[in-house]
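In: got a predicted structure plus its sequence, pasted below:
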Amino acid sequence: MINLGKIAFANCDFPYYAIEHGRIEAPDISIMQAHPVELARRLFNGELDISPISSIMYGKRDDLLILPGLSITSNDFTKSVLICSNGKMEFSDFKDKTLCIPETTASSATLIKIILWLKGIDVKLKHCPGTDIDQMLKKGDAALLIGDSAIHAIGKYRVVADLGNEWKKMTDKKMVYALWVVRGDFAEHHPDKVKLVLDTLLLSKDYAYKNINEIADFIAGEKKIDCGFIKEYFHTLNYDFDAESMESLGLYFKYAKECGVIGDVKLRFFDNRD
């Protein structure tokens, strides 16, 4: 059995839908759900063989291989990586304020550090357990929300910024939030199993692109999110990992290094050629 991770957000329901609902065959694959930081922990501990993880977590390791053709990327607005407050605030108001960051995120936490650094805004960052925005806003002036928590906050709280949009405005680049990776030791000993999972994920992704309405209808009912919003949401995200995405990720890693988050990063790929 191959242990495959899955981010427990709607954005990952999309490429996994065909696997989880029997639209394609997925033999010998066991799926474990968790938030991005927990998935990385399980992968590093050997509880998972393959998983999507926050892109910055890949940048902190040298024992992982990227599965080609897969990522969670936005080319502008994400609609699910948001800075929210319960009052009127702009980025220009952030100086000397407290921004709460949930411990469930790594890539977005680094992204906000980069954006604030590039803007020259000095903000106190407070890491908080859980994703309860009301609790975070009791401890700070604004909060970073990701995934389903961010989606559910739209319309209830003031959205100060969509980080995908902020990154796009500052760099004119995509933002690569997550990569699918395999532990190097597992890939070395079980290349055929890795190729099976990769091929299955790519088939599932292709099914999703061709059946957005079916998947949006299901997720809207499952997670109590407006179906029209979900359809639009899936059009804002991209699950490929092309040359432009690699270039964008390189810039993100460059800034992360300059902010002292990571060192030099080399992109290492699993070779799925027969």
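Out: It's in.
In: going forward, measure contacts between C-alpha atoms and count neighbours the same way
Out: Fine.
In: for residue 127, which non-adjacent residue is spatially closest?
Out: Spatial nearest neighbour of residue 127, chain neighbours left out: residue 101 (4.8 Å); criterion: C-alpha to C-alpha, 6 or more residues apart in numbering.
In: the one you found - how many residues pack around it?
Out: A total of 27 residues lie near residue 101 under the criterion other C-alpha atoms under 10 Å.
In: so for it, what's the pLDDT?
Out: Reading off the confidence values, residue 101 has pLDDT 94.
In: how far away is it from residue 189?
Out: From residue 101 across to residue 189, the span is 38 Å (C-alpha to C-alpha, to the nearest Å).
In: try residue 144
Out: Distance from residue 144 to residue 189, by C-alpha to C-alpha: 40 Å.
In: neighbour count winner among those two?
Out: Using other C-alpha under 10 Å, the more surrounded residue of residue 144 and residue 189 is residue 144, with 29 against 10.
In: just the CA trace of the top helix by length along the chain, in CSV.
Out: The helix that spans the most residues within the chain, counting by DSSP state H, is helix 191-210. What follows is helix 191-210, C-alpha atoms only, in CSV (Å, rounded to 0.1, in the frame of the first residue of the first chain):
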residue,chain,number,x,y,z
PRO,A,191,10.1,3.9,-8.6
ASP,A,192,7.3,1.9,-10.1
LYS,A,193,5.0,2.7,-7.2
VAL,A,194,5.9,6.4,-7.5
LYS,A,195,5.1,6.3,-11.2
LEU,A,196,1.8,4.6,-10.5
VAL,A,197,0.8,7.4,-8.1
LEU,A,198,2.0,10.1,-10.4
ASP,A,199,0.1,8.7,-13.4
THR,A,200,-3.0,8.3,-11.2
LEU,A,201,-2.8,11.9,-10.0
LEU,A,202,-2.3,13.3,-13.5
LEU,A,203,-5.3,11.3,-14.7
SER,A,204,-7.4,12.5,-11.8
LYS,A,205,-6.3,16.1,-12.5
ASP,A,206,-7.3,15.8,-16.1
TYR,A,207,-10.7,14.4,-15.2
ALA,A,208,-11.2,17.4,-12.8
TYR,A,209,-10.4,19.9,-15.6
LYS,A,210,-13.0,18.2,-17.8
